[in-house]
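Enquirer: Give me the fold of what follows.
(one chain, ligands or ions: 1)
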Amino acid sequence: MNQSKTLLNPDVIIVGAGVAGIYMLHKLRKMGLVTVVIEKSDELGGTWNWNRYPGARCDIPSLEYSYQFDENLQQDWNWSEKYSAQPEILEYLNHVADRFELRKDISFEEEVLEAQFNEELSLWDIKTNKEVYQSKFCIFATGCLSVPNKPDIEGLEGFEGQLLSTSYWPREEVDLSNKNVAIIGTGSSSIQTIPEIAKEVKNLYVFQRTPNYSIPSNNGPMDKEIEADIKSRYAEFRKENWSNGFGIAGIADEALIAESDIDEVNNQLEENWKNNGLGFFGGYADVPVDANSNEVAASFVRNKIKEIVKDPETADKLSPKYHIGGKRLCVDTGYFETFNRENVHLIDLHSSPITRIGESSIEADLEYDIDTLILATGFDAMTGALTSLDIVGRNGIILRDQWKKGAKSYLGLGVSNFPNLFTITGPGSPSVLSNMMPSIEQHVNWIADCIGWMIDNNKSVIESSLSAEEEWM
Ligand code: FAD
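Expert: Numbers count the residues shown, from 1 in each chain. You can find the predicted model right below:
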């Protein structure tokens, strides 16, 4: 397929050079396809390049939050901690790019602005801020959590202090010592960064809309015995995790709280609290489906919050009242403990919404003078990176319009009306509800197999049907 191809006319364009994009490139290059990755940043790594806030780390153990496609890679690489911090994950992804010589086919600081299916030629016309490309296949590896939300709060544009965002954290050291800092949002990023920045700042004002269930990571240096054991049977270990619903070791939901002795359940939850992080309610299959069983696990965590946080009012505000698992669990290092510090103040936005941001203040229940404002307000998740540009399929239909009433796809991999276009961990796939490394590898392998099959069978176009999509959704 690659005889007369040029880089402006490759077989495949991949958009995004995160975990997904770089593995997709490796896979397709091995198949002999001329492939170009277009990445808007000047660095690869995606999530791990953009999110450099203090405390950023994975919440899946590193021995599992890593690629498994190459046995030598997984044997050679050594993680320093149980849950790796952002700099180490970024270093790993750069190592992968160097090891497999991927960089030469990645075009950095180039952003895809429009992708249009040319029905006459059955090719994708792809416009960037620099070039116009034409390729047979177009693969969006643009990430589920890559377009940050910016809150619409009166006065934000006029804020004259230091404005930071967890998802665009500066590369240079940020000195917050002795500053009055406000952070808006208490999702996973905030839960990771609050304990770190609280140590440094004069005052930290935490503006919370929705509290989260968070489980201690009990992070620490990599246990060399565990590492050696897993490495001695890595393929088998990966296979076991591959076949369980979340792609994470040890989460086999078999027992039911409803049918178990309550003391035994509490002992097991205690054990999970100490050791399992995200796998906190793993072991009990009825937590997501039985309200009473869910309440047992939820009240276990609420009681932990009450034990940890000394001020009962703050503990109550930090305690989620919704079903556990209704939002993805968070994993922390000393999050609830941080609210016992005198310099940390929690503001509940349900009782006192933010009314205004001034030039050097933020107003809710009171007016707080601040030097720094940190936005930890999450992402336009799942669809944001696909609907923020014009992706135009058959008959001029724009993906954003097709998804107006909700995103639909087949397997999270393909969308009707968009032939030869694939999304990695697209909406409708397990994506962020799972360990994303194996989920990404599964999608990359599937796409590569699909393209390989098309080539072997002389097929030029593949497209998901509406009925397949409806059935899958
Ligand atoms: P991304 O890493 O988001 O990469 C997408 C890339 O596409 C980016 O580099 C972006 O710049 C580029 N791009 C987007 N649009 C364009 C365009 N139009 N033109 C050119 N380039 C474009 N998952 C887990 O399983 N475990 C974890 O512990 C975990 N922790 C996380 C922590 C944080 C702070 C965040 C934000 C996410 C976390 N995730 C975690 C989810 C994480 O996003 C995935 O694990 C994984 O890194 C996603 O890789 P990706 O390549 O699919 O997407």
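
Enquirer: which ones are touching whichever residue of the stretch 251-400 of the chain sits closest to the ligand?
Expert: When scored by Cβ to the nearest ligand atom, the stretch 251-400 of the chain has residue 385 as its residue closest to the ligand, at 4.6 Å. Just so you know, the C-beta spots here come from the backbone N, C-alpha and C atoms, and that holds for glycine as well. Residues near residue 385 by Cβ atoms under 8 Å, 6 or more residues apart in numbering: 16, 140, 142-144, 146-147.

Enquirer: go with 7 Å
Expert: Counting by Cβ atoms under 7 Å, 6 or more residues apart in numbering, residue 385 makes contact with 142-143, 146-147.

Enquirer: swap in residue 278?
Expert: By Cβ under 7 Å, 6+ apart, the residues touching residue 278 are 59-60, 215, 248, 329, 331.

Enquirer: Spell out which residues of the stretch 101-250 of the chain are next to the ligand.
Expert: Listed as neighbours of the ligand in the stretch 101-250 of the chain under the rule Cβ under 6 Å from any ligand atom: 111-112, 141-146, 189.

Enquirer: Wasn't residue 54 part of a strand?
Expert: No. Note on residue 54: no strand contains this position according to DSSP: H, G, I helix; E, B strand; the rest coil, which reports coil.

Enquirer: Could you report the pLDDT at it?
Expert: For residue 54, the model assigns a pLDDT of 98.

Enquirer: Now, the residues of the stretch 101-250 of the chain next to the ligand that are in strands?
Expert: residue 112 (DSSP state E).

Enquirer: For the strand or helix carrying residue 270, give the mean pLDDT please.
Expert: Per DSSP states H and E: residue 270 is located in helix 262-275. Helix 262-275 shows a mean pLDDT of 94 in the predicted model.

Enquirer: List the buried residues in that helix.
Expert: Neighbour-count burial for helix 262-275, counted by 16 or more other Cβ atoms under 10 Å, picks out 265, 268-269, 272-273.

Enquirer: ok, so of the residues you listed, who is nearest residue 95?
Expert: Sorting the buried residues of helix 262-275 by how near they are to residue 95, with Cβ to Cβ, puts residue 272 at the top with 32.9 Å.

Enquirer: pLDDT at whichever residue of the stretch 101-250 of the chain sits closest to the ligand, what is it?
Expert: With Cβ to the nearest ligand atom as the measure, residue 143 is the residue of the stretch 101-250 of the chain nearest to the ligand, at 2.1 Å. pLDDT recorded at residue 143 is 98.

Enquirer: got it, and residue 443?
Expert: Looking at residue 443, its pLDDT reads 98.

Enquirer: what's the burial count for it?
Expert: The burial count assigned to residue 443 is 27, neighbours taken as other Cβ atoms under 10 Å.

Enquirer: from what I can see it touches residue 424, true?
Expert: Yes. With contact defined as Cβ atoms under 7 Å, residue 443 counts as touching residue 424 (4.7 Å).

Enquirer: Residue numbers of the stretch 351-473 of the chain in contact with the ligand?
Expert: Residues of the stretch 351-473 of the chain lying close to the ligand (Cβ under 6 Å from any ligand atom) are 385, 389, 424-425, 432, 435-436, 440.

Enquirer: and of these, the nearest to residue 211?
Expert: Compare each of these with residue 211 using Cβ to Cβ and the shortest gap goes to residue 432, at 19.5 Å.

Enquirer: hang on, the closest one is in a strand, isn't it?
Expert: No. Membership of residue 432 in a strand is not supported by three-state DSSP, which gives helix.

Enquirer: which one is it nearest to, not counting chain neighbours?
Expert: Computed as Cβ to Cβ, 6 or more residues apart in numbering, the closest residue to residue 432 that is not its neighbour in sequence is residue 144, at 5.4 Å.

Enquirer: Now do the helices in the stretch 1-150 of the chain.
Expert: Chain-ordered helices for the stretch 1-150 of the chain, with DSSP state H, counting those that start in this stretch as the definition, fall at 19-30, 47-50, 71-76, 86-99.

Enquirer: Out of the ones you listed, which is the most enclosed?
Expert: Per residue and on average, the most neighbours among those fall to helix 19-30, with a mean of 24 (mean count of other Cβ atoms under 10 Å).

Enquirer: How about that helix and the ligand, any contact?
Expert: Yes. Using Cβ under 6 Å from any ligand atom, helix 19-30 reaches the ligand at 19-21.

Enquirer: From the residues you listed, pick the one nearest residue 82.
Expert: Nearest to residue 82 out of the residues of helix 19-30 next to the ligand is residue 19 (Cβ to Cβ; 19.4 Å).

Enquirer: related to what we said a few turns ago, name the nearest of the buried residues of helix 262-275 relative to residue 360.
Expert: Using Cβ to Cβ as the measure, the one of the buried residues of helix 262-275 that approaches residue 360 most closely is residue 273, at 41.1 Å.

Enquirer: and the spatially closest residue to residue 383 that is not a sequence neighbour, how many neighbours?
Expert: Taking Cβ to Cβ, 6+ apart, and ignoring the residues beside it in sequence, residue 383 has residue 407 as its nearest neighbour in space, at 5.0 Å. Residue 407 has 19 neighbours, counted by other Cβ under 10 Å.

Enquirer: Check the contact between residue 407 and residue 427; I expect there is one.
Expert: Yes. Assessed by Cβ under 7 Å, residue 407 is found in contact with residue 427 at 3.8 Å.

Enquirer: And the closest residue to residue 99 other than its chain neighbours, what's its pLDDT?
Expert: Spatial nearest neighbour of residue 99, chain neighbours left out: residue 73 (6.7 Å); criterion: Cβ to Cβ, 6+ apart. As predicted, residue 73 sits at a pLDDT of 98.

Enquirer: What of residue 252?
Expert: Per-residue confidence (pLDDT) for residue 252: 65.

Enquirer: Give me the most central residue, the protein.
Expert: Within the chain, one residue has its C-alpha closest to the average C-alpha position: by Cα atoms, centre = their mean, that is residue 145, at 5.1 Å.

Enquirer: That residue: what's it in contact with?
Expert: Residues touching residue 145, when contacts are defined by Cβ under 7 Å, 6+ apart, comprise 47, 379, 381, 432.

Enquirer: Check which residues of stretch 409-423 are buried.
Expert: By neighbour count, and taking 16+ other Cβ under 10 Å as the criterion, the buried residues in stretch 409-423 are 409-423.

Enquirer: Compute the first-to-last residue distance for that stretch.
Expert: Between the opening and closing residues of stretch 409-423 we find a distance of 9 Å, counting by Cα to Cα, to the nearest Å.

Enquirer: Disregarding flanking residues, what is the spatial nearest neighbour of residue 317?
Expert: Using Cβ to Cβ, 6+ apart and skipping the chain neighbours, the partner closest in space to residue 317 is residue 348 (4.8 Å).

Enquirer: Now for the one you found, how many residues are close by?
Expert: The burial metric for residue 348, expressed as a neighbour count using other Cβ under 10 Å, is 19.

Enquirer: and residue 242, how many residues sit next to it?
Expert: 13.

Enquirer: Relative to the ligand, which of the buried residues of stretch 409-423 is nearest.
Expert: Checking the buried residues of stretch 409-423 one by one against the ligand (Cβ to the nearest ligand atom), the nearest turns out to be residue 423, at 9.7 Å.

Enquirer: so how many other residues sit close to the residue nearest to that closest one when sequence neighbours are not counted?
Expert: Closest residue to residue 423 in three dimensions, ignoring its sequence neighbours and counting by Cβ to Cβ, 6+ apart: residue 140, at 4.8 Å. Counted with other Cβ under 10 Å, the burial measure for residue 140 works out to 26 neighbours.
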